[in-house]
Every structure is written in C-alpha cells, then in structure tokens.
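**Student:** With the sequence up front, the predicted model follows.
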Amino acid sequence: MMKSLTSLRPAPASKFPTAIPATFHHSTLSISAAIPNSATQEKPPPLKQRSTKPRKIISPTPILAPASPPPSSPPPKKVLVPIGLGTEEMEAVIMIDVFRRAGAAVTVASVEELLVVEASGGTKLVADALISACSDETFDLVALPGGMPGSARLRDSKTLQDITKRQADAKRLYAAICAAPAITLLPWGLLKRKQTTCHPAFMDKLSSFWAVKSNLQVSGELTTSRGPGTCFEFSISLVEQLFGEVVAKEICESMLLSVADANSRREEFNEVSWSLDHAPQVLIPVANGCEEIQVVTIIDILRRAKANVVVASVEKSLQILASRGTKIVADKTISVASDSVYDLIVLPGGELGSEKLHKSRILKKMLKEQKSGGRFLGAICSSPEILHRQGLLKDKRATAHPSVISKLDDVAVSGARVVIDGKLISAKGVANATDFALAIVSKLFGHARARSVAEGLVYDYPKQ
C-alpha cells in the first residue's frame with residue numbers, strides 16, 4: 001500500500017564625529033536624512049569641557065535584522081471529485097473523506113446545473129462548485145466515482161471530459177471506479193493501451209485484451225477499481241501515489257483499516273429474531289460533525305436492501321457539514337421525524353457529531369422510547385457512548401471506537417468488528433461500516449439478502 005545580513009560599509013572619514021555602525025535591513029527600516037553642506041552649515045556651539053571623572057562605557061545595542069522566514073510549505077495536492085445525478089454515494093464520499101484525511105485540497109464539483117445532487121441511493125450531496133468553475137484549474141488527481149446513471153452524467157459533461165483529457169495528456173493521475181471506467185473513460189478514449197478493471201456488470205464493455213478482473217488496477221497514470229466494496233483499497237492506493245507510503249499507512253491506521261482483518265467479523269449474544277412482517281422503518285439521525293462514510297454507507301446499504309430509511313437532522317437546517325467537510329442534506333428535521341415510530345434507530349459516529357446527537361432532547365426521548373418499546377437500536381464508532389451515557393446499555397454487550405471503548409466499562413467487547421446483543425447492534429468505526437450495515441441487513445432480511453447486497457458492492461462477505 002497506501003522543501004542576510006546587509007554588508008556593513010564603514011562611513012568615510014570626515015570632520016564630523018564618527019557614527020556608531022548599525023545594521024539595517026532594507027525591508028523593515030529606511031533612513032532619510034539631509035546631509036549637511038559645509039557652505040551653509042551654522043557654526044556649532046562651543047563644546048563644553050569634558051569631565052575628567054571616569055564614566056561607565058556602555059556598548060551600543062546592536063540592531064539585528066529579522067531572521068529570514070522559513071521556506072513556505074508546498075501547496076496541498078489538488079484533487080477533483082466530480083458528481084452527478086445517480087453517482088454512487090459510497091464511492092464519492094469514501095474518496096472525499098480519505099483524500100482530505102491525507103491533506104489533499106478536494107473539490108467536489110457538480111456536473112449538473114445545481115450544487116445539490118441526488119446520488120444513486122437517494123442521499124443528497126452538496127458540491128463545492130459547478131464543474132464550469134473548475135475548467136481552468138490544474139489538478140494532481142481527477143477521480144471519478146461510479147454509479148448509474150451517474151457515470152453517464154459524468155460522460156456527457158464536455159467540461160469534465162476536457163479536464164480529464166488534459167490530465168491524461170499531461171501524465172498526471174486520473175482514476176475511475178465501478179461503472180466509470182467503461183461508461184465514462186472508454187468513450188473518451190482514455191483507456192487506450194491501459195490495463196483496466198471495473199464493476200463486474202460492465203466488464204463486457206472493456207477490451208478483452210486489456211480488461212483485468214482485479215479489485216485494483218494501476219496502469220501508469222490510470223487507476224481503476226470495481227465498486228463500493230473496493231473503494232477503500234482504491235482510495236488508499238491513490239493516497240500512496242500522491243503522498244507516499246508513509247502517509248497511506250497513517251491513514252490506514254487512523255481509519256482502523258490495518259486492524260480490520262485481525263478481528264472476527266461479528267459476535268452475537270442473546271440472539272433474538274429481527275424479522276418483520278413489513279418493510280423496516282429506519283431512522284438515521286445526523287448532525288454537524290458526524291462521520292460521513294458511516295452515514296452514507298449505512299443509508300446506501302439499507303436502501304439497497306429495500307429498507308425505508310429516513311435521514312433526520314438534529315440541527316436547525318436540513319443540511320449538515322460532516323466531519324471531513326462533506327455536505328449532506330437530510331430528509332427531515334428531527335422534530336418532524338419524531339412524529340413517526342421506527343423499527344430501528346441507528347446512530348452514526350464522529351466525535352463532534354456524537355456529542356450533538358447526545359444533546360438533542362428530542363432524540364434522547366426517542367431513544368428512550370425505542371428501548372422501552374422493545375424496538376431495535378444501532379450505534380457505531382463513538383456513538384455507543386451516547387447509549388451508555390443515557391443508560392441504554394444496561395446488561396448489554398457492545399463495542400465502540402478504541403478512543404471511547406474504555407468508557408463502556410464492563411459491557412465492552414473489543415475483539416469483534418460488530419457486536420449484536422439481543423436488539424442492540426454496535427460496531428467499531430469507519431472501516432467496519434460496511435460490515436455493520438450488512439449485519440443489520442442480515443438480521444432484518446436474512447443472510448441471503450445480505451449476500452446479494454454485498455455482491456452488488458463487490459464486497460467479500462461470508463457465505464454462511
């Protein structure tokens with residue numbers, strides 16, 4: 001895996017008293033003085049007789065030139081992530097989040113006429129700019145998310161086509177995932193003599209000689225990948241190409257990607273059935289500072305499984321600003337959402353977001369009623385601490401992000417990515433969001449439905 005002191009010149013000898021030399025720096029100090037003319041100069045007053053009493057000699061205080069400023073830091077790497085109607089939200093948001101964690105300046109650009117774009121799973125994302133505003137920019141990386149009809153919408157953007165062609169011609173990095181290699185880059189002529197992979201559903205559109213059935217393919221400046229389930233690997237590879245192996249490793253560790261495989265996929269205690277005789281009604285409350293990958297992954301996967309998902313903002317506005325700067329528009333405010341009853345309430349993580357969720361009096365009341373009504377609860381990352389602080393983890397086992405798991409006292413389970421205890425489900429963090437959401441699908445709809453969703457994601461999921 002984953003940059004003077006000004007030389008002193010002695011004053012010429014003259015009949016005037018010799019001046020004490022001083023150092024001047026031209027940028028901070030200027031001197032303007034009239035040089036006296038001997039012809040017009042008045043006679044100086046008579047000098048007083050000097051005292052013979054010895055005087056203390058005081059050395060003149062030197063005037064030091066300020067130190068040269070340190071060399072400026074190199075400008076951040078610039079990355080363009082375009083989005084359009086039907087873009088796959090998991091892919092877009094995972095890329096945006098990972099690149100920003102690495103320190104890149106990411107511009108999310110809409111190829112539509114508006115900044116607000118509805119993604120393939122119904123999540124509403126807000127772009128930073130319209131693609132037209134990016135036409136004269138130079139980027140270190142142009143990364144295309146997939147999804148349908150999102151990939152076709154990207155393909156039909158002449159401005160994006162010109163930007164990406166310039167990128168390839170200049171031998172700068174460009175990348176595409178899922179449907180985008182076949183649907184977007186291929187018609188633009190940007191896959192010539194490049195080994196390429198894409199989502200299995202679109203492999204037949206690629207040249208059989210150059211098509212590669214791998215999760216990740218790097219071919220010179222072009223990097224391609226298969227789907228939402230391979231997007232972490234795809235994004236980390238691009239971070240490594242942009243910033244180097246050390247940064248890529250740091251990102252993996254911060255997102256718990258490096259330890260994901262060391263833990264068992266899930267542990268379950270006090271097993272009960274979650275099956276329902278109707279489409280599950282799921283509430284996902286969000287706030288400024290929530291972790292966007294977790295929010296979008298849970299929404300996307302549950303909607304793929306045909307759950308009815310409502311995203312509710314606990315802020316005054318429907319639009320929230322997630323922890324890495326992704327702007328998401330909720331479906332409702334929490335006050336409006338509270339008029340309904342939900343089979344499952346799932347709390348996303350993110351340190352600042354979790355605290356805001358905890359402070360919502362309406363949500364606190366809803367969580368209490370959810371528990372007393374015998375309905376289901378879910379929490380990931382830092383949000384299990386919310387349930388603990390509100391007394392909702394009594395006699396339950398749970399897991400959480402390593403930074404907060406010690407606060408769960410004796411209910412904590414540290415050796416699993418996902419923990420289910422009766423009608424409660426919890427997970428560790430960003431790297432486990434897909435496992436978490438698929439475990440919910442498995443409990444609500446059965447293992448076969450979870451396997452089917454995982455296959456569409458191109459995500460490795462156990463057969464049993």
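**Tutor:** That came through, no problem. Because the structure is a prediction, the values reported are computed rather than measured.

**Student:** Need the nearest residue in space to residue 352, chain neighbours excluded.
**Tutor:** Nearest non-adjacent residue to residue 352, counting by Cβ to Cβ, 6 or more residues apart in numbering: residue 289, 2.8 Å away. Backbone N, C-alpha and C define where each C-beta goes, glycine included.

**Student:** cool, and residue 381?
**Tutor:** Using Cβ to Cβ, 6+ apart, the closest residue to residue 381 is residue 349 (2.3 Å).

**Student:** show me the contacts for residue 341.
**Tutor:** 281, 373, 375 (Cβ atoms under 8 Å, 6 or more residues apart in numbering).

**Student:** Look at it and tell me its secondary structure.
**Tutor:** coil (DSSP: H, G, I helix; E, B strand; the rest coil).

**Student:** can you give me the helices in the chain?
**Tutor:** 89-101, 150-155, 158-169, 180, 231-243, 245-254, 292-304, 334-337, 351-359, 361-372, 384-389, 433-445, 447-457 (DSSP state H).

**Student:** Adding distance to residue 140, mean neighbour count and mean pLDDT as columns, could you present the ones you listed in JSON lines?
**Tutor:** Shown next, in JSON lines, are the helices of the chain (distance: least, Cβ to Cβ, whole Å; neighbours: other Cβ atoms under 10 Å; pLDDT from 0 to 100):
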{"stretch": "helix 89-101", "distance to residue 140": "10", "mean neighbour count": "28", "mean pLDDT": "98"}
{"stretch": "helix 150-155", "distance to residue 140": "19", "mean neighbour count": "25", "mean pLDDT": "98"}
{"stretch": "helix 158-169", "distance to residue 140": "9", "mean neighbour count": "17", "mean pLDDT": "98"}
{"stretch": "helix 180", "distance to residue 140": "19", "mean neighbour count": "31", "mean pLDDT": "98"}
{"stretch": "helix 231-243", "distance to residue 140": "6", "mean neighbour count": "23", "mean pLDDT": "98"}
{"stretch": "helix 245-254", "distance to residue 140": "14", "mean neighbour count": "17", "mean pLDDT": "96"}
{"stretch": "helix 292-304", "distance to residue 140": "22", "mean neighbour count": "27", "mean pLDDT": "98"}
{"stretch": "helix 334-337", "distance to residue 140": "40", "mean neighbour count": "18", "mean pLDDT": "98"}
{"stretch": "helix 351-359", "distance to residue 140": "29", "mean neighbour count": "20", "mean pLDDT": "97"}
{"stretch": "helix 361-372", "distance to residue 140": "41", "mean neighbour count": "16", "mean pLDDT": "98"}
{"stretch": "helix 384-389", "distance to residue 140": "38", "mean neighbour count": "24", "mean pLDDT": "95"}
{"stretch": "helix 433-445", "distance to residue 140": "27", "mean neighbour count": "25", "mean pLDDT": "97"}
{"stretch": "helix 447-457", "distance to residue 140": "28", "mean neighbour count": "18", "mean pLDDT": "97"}
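
**Student:** quick one: residue 214 and residue 146, what's the gap?
**Tutor:** 16 Å (Cβ to Cβ, to the nearest Å).

**Student:** and these two? which has more neighbours close in?
**Tutor:** Using other Cβ atoms under 10 Å, the more surrounded residue of residue 214 and residue 146 is residue 146, with 31 against 14.

**Student:** In contact with the residue positioned nearest the centre of the chain, which residues?
**Tutor:** In the chain, the residue lying closest to the centroid (Cα atoms, centre = their mean) is residue 97, at 1.8 Å. Applying Cβ under 8 Å, 6+ apart to residue 97 gives the contacts 292-293, 324, 326, 430.

**Student:** Can you tell me which of those residues lies closest to residue 265?
**Tutor:** Proximity of these to residue 265 (Cβ to Cβ) peaks at residue 430, which lies at 15.9 Å.

**Student:** just checking, that closest one touches residue 295?
**Tutor:** No. In this structure residue 430 lies outside contact range of residue 295 using Cβ atoms under 8 Å: 10.8 Å.

**Student:** ok, for residue 290, nearest residue in space, not its chain neighbours?
**Tutor:** Per Cβ to Cβ, 6+ apart, closest to residue 290 is residue 353, 3.2 Å.

**Student:** For the one you found, which residues are in contact?
**Tutor:** 286-291, 322-323.

**Student:** for residue 190, same thing?
**Tutor:** 164-165, 168, 174, 222.

**Student:** Quick check: the two most widely separated of these?
**Tutor:** 165 and 222 (12.6 Å).

**Student:** Columns distance to residue 391 on top of the contacts of residue 190, output as JSON lines?
**Tutor:** Listed next are the contacts of residue 190 as JSON lines, based on distance: Cβ to Cβ, whole Å:
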{"residue": "164", "distance to residue 391": "53"}
{"residue": "165", "distance to residue 391": "59"}
{"residue": "168", "distance to residue 391": "57"}
{"residue": "174", "distance to residue 391": "51"}
{"residue": "222", "distance to residue 391": "53"}
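
**Student:** Which of those sits closest to residue 254?
**Tutor:** Among the contacts of residue 190, and counting by Cβ to Cβ, the member closest to residue 254 is residue 174, at 26.0 Å.

**Student:** pretty sure the closest one is in contact with residue 143, am I right?
**Tutor:** Yes. Using Cβ under 8 Å, residue 174 is in contact with residue 143, at 7.5 Å.

**Student:** The helix-or-strand element of the chain with minimal mean pLDDT: how far from the chain's middle?
**Tutor:** Between all helices and strands in the chain, the lowest mean by mean pLDDT, DSSP states H and E belongs to strand 264-269, at a mean of 89. Distance of strand 264-269 from the chain centroid (Cα atoms, centre = their mean, to the nearest Å) equals 28 Å.
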